[in-house]
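**Student:** Provided below are the primary sequence and the corresponding predicted coordinates.
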Amino acid sequence: MSDQVQHVEREYKFELPPGGQLESLAPALEELGFTLEPEQLFEIDDTYLDTPDWWFFRAGQACRLRRVGKRI
């Protein structure tokens, strides 16, 4: 068994309505129960993988390999 921690990441994308103000997003997310933290800068390198017949893409899914700094 591997000592590496396995996790599932869920990514949510929000689109502001026309004329929406970005400043209103943080309070709205906090009202929904999300906890926001101060901004941190770090380098991320994403590589998206798929099968030769684009199985993930056709299924509406993505397989991503993410490298954060020197960690993978």
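**Tutor:** Arrived safely.
**Student:** And the helix ranked longest in the chain, what does it pack against?
**Tutor:** For the chain, the helix reaching the highest residue count under DSSP state H is reported as helix 25-31. Using 3 or more C-beta pairs under 8 Å, 6 or more residues apart in numbering; DSSP states H and E, no helix or strand is in contact with helix 25-31. All C-beta atoms are positioned from the backbone trio N, CA, C, and that covers glycine.
**Student:** And the contacts of that helix?
**Tutor:** 14, 16, 36 (C-beta atoms under 8 Å, 6 or more residues apart in numbering).
**Student:** any idea how far the next helix or strand after it is from the chain center?
**Tutor:** Next helix or strand after helix 25-31 toward the C-terminus (DSSP states H and E): strand 44-49. The chain centroid and the centroid of strand 44-49 are separated by 11 Å under C-alpha atoms, centre = their mean, to the nearest Å.
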